[in-house]
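[1] this one's structure only:
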């Protein structure tokens, strides 16, 4: 397994775990308040993702220092571009759906959480596309 | 993705004839071992620059390394 694929697996797992945590705190806060949780609950999630990403990248770099310091080659760059393109389409679709929900319900906090969810889902999808493309060799 | 490109190559034969590892060839032309594996298996067609680098590394012409499937 290449360094890029390992990195994509680790980051996808991190985003999935922290994303699930984010939705659990939004859900429990919404139930406790009797309305949609405020956007501020996302701060914990953002901090977790930033700290988790730094730790994951440091660990990956320590386990494969040579591969980590070398730039992506032509095939890996192509994979990154294609995965970014497809995840971008997914992000746009989810964001438009969230805006449609806002038009109907007019709930700004819900719009925030749905857009945050769109970012999480599209990021996980980007890593999944990267893994699939790296395995299929583009 | 999908159908493999109609470009054939003799990278594996040339590499093995020189008792060279995939990692060493990758390092010599500036790509990863995984990319060399993909090229050898015909699942990825390298850029023109990498194709020239491979041919020059083996000291042969481009057409001695790469070919079109129909030829």
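    Great, that's in hand. Predicted model, so just to flag it, every value in this text is computed and none were measured.
[2] list the contacts of the most centrally placed residue in chain B.
    Here the mean C-alpha position of chain B is nearest to the C-alpha of residue B:11 (C-alpha atoms, centre = their mean), at a distance of 4.3 Å. Residue B:11 makes contacts with B:25, B:36, B:39, B:40, B:54, B:65, as judged by C-beta atoms under 8 Å, 6 or more residues apart in numbering or on different chains. The C-beta positions use only the backbone N, C-alpha and C, and glycine is treated the same way.
[3] closest to residue A:129 out of those residues?
    Sorting these by how near they are to residue A:129, with C-beta to C-beta, puts residue B:39 at the top with 21.4 Å.
[4] check which helix or strand residue A:93 maps to.
    helix A:74-105 (DSSP states H and E).
[5] against the centre of chain A, work out the most remote residue.
    Within chain A, counting by C-alpha atoms, centre = their mean, residue A:34 lies farthest from the centre, at 28.0 Å.
[6] for residue A:68, give me the pLDDT.
    We note a pLDDT of 80 for residue A:68 in this prediction.
[7] does it really touch residue A:60, like I thought?
    Yes. Under the criterion of C-beta atoms under 8 Å, residue A:68 makes contact with residue A:60 at 6.3 Å.
[8] more neighbours, these two?
    Regarding residue A:68 and residue A:60, a neighbour count based on other C-beta atoms under 10 Å in any protein chain shown identifies residue A:60 as having more, with 18 against 15.
[9] so how far is residue A:22 from residue B:54?
    47 Å (C-beta to C-beta, to the nearest Å).
[10] my guess is residue A:5 contacts residue A:131. True?
    Yes. Under the criterion of C-beta under 8 Å, residue A:5 lies in contact with residue A:131, with a separation of 5.8 Å.
[11] what's the neighbour count on residue A:28?
    Using other C-beta under 10 Å, the number of residues around residue A:28 comes to 12.
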